[in-house]
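Q: Fold the following for me, if possible:
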Amino acid sequence: MLGDFRARLIKHGIEERVLDVVLDRCSQHGLLRAEGRQRTDSTHVLAAVRALNRMEFVGETLRAALEVLAAAAPGWLTPLIDAGWTERYGSRIDSYRFPKGDDVRARWAEQVGRDGWTWNRRRPP
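A: Below is the predicted model of the structure:
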């Protein structure tokens, strides 16, 4: 299947555009740096992508659950949230630009975990 995809890219002469999009996306997520040496081992790249994917998955799951709760039990949810929740969950997580730096990302992930724990301890009526 990938071979067919590659053949179509080459046939239409758009392989460079696809590569540019992939490289741009990797740069946005801090996987590539301007200048300097780049790590090319797949283990490093896969680990970085997996971490971002998991952050997006957990954050988006919590965001979707909060949307359902906001519609089903707004009176129950309102006292639990603060302005930070709107910043974290106001828009889809997959379009969110995660901050650079492992420590900042770890703090974001820990905060999302605390948020989930906060509303999970007090189940809605």
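Q: Tell me how far stretch 113-121 lies from the chain's centre.
A: The chain centre lies 19 Å from the centre of stretch 113-121; the measure is Cα atoms, centre = their mean, to the nearest Å.
Q: for that stretch, which positions count as buried?
A: Within stretch 113-121, the residues that count as buried by 16 or more other Cβ atoms under 10 Å are 115, 116, 119. C-betas here are computed from N, CA, C, even on glycine.
Q: For residue 64, state which of these is nearest.
A: residue 116 (12.0 Å; Cβ to Cβ).
Q: so how far is the helix or strand that contains that closest one off the chain centroid?
A: Here residue 116 sits within helix 102-121, counting by DSSP states H and E. Distance of helix 102-121 from its chain centroid, counting by Cα atoms, centre = their mean, is 14 Å.
Q: Sketch out the low-pLDDT regions of this structure for me.
A: Low-confidence segments of the chain, defined by pLDDT under 70: 1-2, 33-41, 94-99, 123-125.
Q: again, only this time at 80
A: 1-7, 9, 15, 18-19, 30-49, 51-52, 93-102, 119-125 (pLDDT under 80).
Q: Please enumerate the helices of it.
A: In the chain, the segments counted as helices under DSSP state H are 2-12, 15-28, 42-72, 74-77, 83-89, 102-121.
Q: how far off helix 2-12 does the second one point, in degrees?
A: Taking axes from the mean of the first three to the mean of the last three Cα atoms, to 10 degrees, one finds helix 15-28 and helix 2-12 inclined to each other by 120 degrees.
Q: relative orientation of helix 15-28 and helix 42-72 in degrees?
A: Calculated by the same axes, to 10 degrees, helix 15-28 forms an angle of 70 degrees with helix 42-72.
Q: Now helix 15-28 - C-alpha only, PDB.
A: The C-alpha atoms that make up helix 15-28 are tabulated as PDB, following Å, rounded to 0.1, in the frame of the first residue of the first chain:
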ATOM      1  CA  GLU A  15       6.800  14.100  -3.300                       C
ATOM      2  CA  GLU A  16       8.700  17.300  -2.400                       C
ATOM      3  CA  ARG A  17       5.500  19.000  -1.200                       C
ATOM      4  CA  VAL A  18       4.600  16.000   1.000                       C
ATOM      5  CA  LEU A  19       8.100  16.000   2.500                       C
ATOM      6  CA  ASP A  20       8.000  19.700   3.200                       C
ATOM      7  CA  VAL A  21       4.600  19.300   5.000                       C
ATOM      8  CA  VAL A  22       6.000  16.400   7.100                       C
ATOM      9  CA  LEU A  23       9.200  18.400   8.000                       C
ATOM     10  CA  ASP A  24       7.200  21.500   8.800                       C
ATOM     11  CA  ARG A  25       4.900  19.500  11.100                       C
ATOM     12  CA  CYS A  26       7.900  17.800  12.800                       C
ATOM     13  CA  SER A  27       9.500  21.300  13.300                       C
ATOM     14  CA  GLN A  28       6.300  22.600  14.900                       C
END
